[in-house]
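Asker: Test case, fold it:
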Amino acid sequence: MTIELPKLTARQEEILQLVQSSIENTGSPPTRAEIAQRLGFASANAAEEHLRALARKGYLELSPGTSRGIRLSQVLRKAAQQLALPDAAFQQMALPLIGRVAAGAPILAVENIEKEIPVGPDLFSKGADYFLKVRGMSMRDAGILDGDYLAVKKTTEAHNGDIVVARLDDEVTVKRWLKTKTAKGIEIHLIAENPDFEPIIVNSKQTNFGIEGLAVGLIRPNGL
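Answerer: Below you'll find the model as predicted:
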C-alpha cells in the first residue's frame, strides 16, 4: 500500500533536499544553524519552524535536545528505497555488527562480530561494510546515540568534517575529523559532538593510530 504524504511548500522542499543531501554526502544531517546559514534565514529558529512542519507532515523525525537530531521518516526512507530499486533487486544482504573490539585485533576479526544484520542492498547510498555498535554519548549532538548501529564504509582516508571510526592505541572511537597544520607539525583533532567531552588531539608522532572507516548512516535498533 502506498502512503501519500502532504504536499510541501517550495521552501520545505528545499530544506528536505538539503537534509537528504547532507545525510548522503556526510553521513549526518545538518544543524539548524547550518540550514539557516545555507538558506539565508535570520536565525536557527526559522529553520526549526520549517523542520517541525516537515515532521508534522511525516517527512522527518526530530530528536529534541540534539543539534543534529534530524532524520528522514521511516515512511520516506521506505518510499525512497522502493523507488530506487527494481522489484527483482529486493534482496537482503547481511552486514556484520561489531561490538567491543578486542585489543590489537582487526576490526572485522571474528571475535569482534556479535551477529549479522540484514539490510537492503541500497539502504546506504555510499555503501557500508559493517555496523559498529555505538557506546556512550560523545556524538549525541550528531544524532548518534548509545546503542545505535553505525553503518561504516571501510577506508583509511577522511576529509575535515567527516565522522570517522578511528583506532587509537587499543581503543576504537567515533568522532568528527579535523586535520590542521601547526607550528609543531600536523595535528589530528578527533572532536566529540557533546560539550561534555574534550577533543582528542593526535600528533604526527603517534604511531598506533589510524582510520578504520567513515560513517555513512545508522539504524536505531530500538526506534526513537
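Asker: Export the one helix or strand residue 23 maps to to PDB, keeping only CA atoms.
Answerer: Taking DSSP states H and E as the criterion, residue 23 maps to helix 10-26. Taking C-alpha atoms only, helix 10-26 is exported to PDB below (Å, rounded to 0.1, in the frame of the first residue of the first chain):
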ATOM      1  CA  ALA A  10       8.800  25.300  -2.100                       C
ATOM      2  CA  ARG A  11      10.800  26.200   1.000                       C
ATOM      3  CA  GLN A  12      10.000  23.000   2.700                       C
ATOM      4  CA  GLU A  13      11.100  21.000  -0.400                       C
ATOM      5  CA  GLU A  14      14.400  23.000  -0.400                       C
ATOM      6  CA  ILE A  15      15.100  22.100   3.300                       C
ATOM      7  CA  LEU A  16      14.200  18.500   2.800                       C
ATOM      8  CA  GLN A  17      16.600  18.200  -0.100                       C
ATOM      9  CA  LEU A  18      19.300  19.900   2.000                       C
ATOM     10  CA  VAL A  19      18.800  17.300   4.800                       C
ATOM     11  CA  GLN A  20      18.800  14.400   2.300                       C
ATOM     12  CA  SER A  21      22.000  15.700   0.600                       C
ATOM     13  CA  SER A  22      23.800  16.200   3.900                       C
ATOM     14  CA  ILE A  23      23.000  12.700   5.100                       C
ATOM     15  CA  GLU A  24      24.000  11.100   1.700                       C
ATOM     16  CA  ASN A  25      27.300  13.100   1.500                       C
ATOM     17  CA  THR A  26      28.500  13.300   5.100                       C
END
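Asker: Would you mark the buried spots in it?
Answerer: Of the residues in helix 10-26, those buried under the neighbour-count criterion (16 or more other CB atoms under 10 Å) are 12, 15-16, 18-20, 22-23, 26. For every residue, glycine as well, the C-beta is placed using N, CA and C.
Asker: pull the helix or strand with minimum mean pLDDT from the chain.
Answerer: In the chain, no helix or strand scores lower on mean pLDDT, DSSP states H and E than helix 74-84, which sits at a mean of 62.
Asker: Following the chain past that one, name the next helix or strand.
Answerer: The C-terminal neighbour of helix 74-84 among helices and strands, as given by DSSP H and E, is strand 93-98.
Asker: Give the pairing partners of that following strand; include direction for each.
Answerer: Based on DSSP bridges, the pairing partners of strand 93-98 within the sheet are strand 113-119 (antiparallel), strand 130-133 (parallel).
Asker: looking at those, which is buried most?
Answerer: Using mean count of other CB atoms under 10 Å, the stretch among the strands paired with strand 93-98 with the greatest mean number of neighbours is strand 130-133 (a mean of 22).
Asker: Noted, bye for now.
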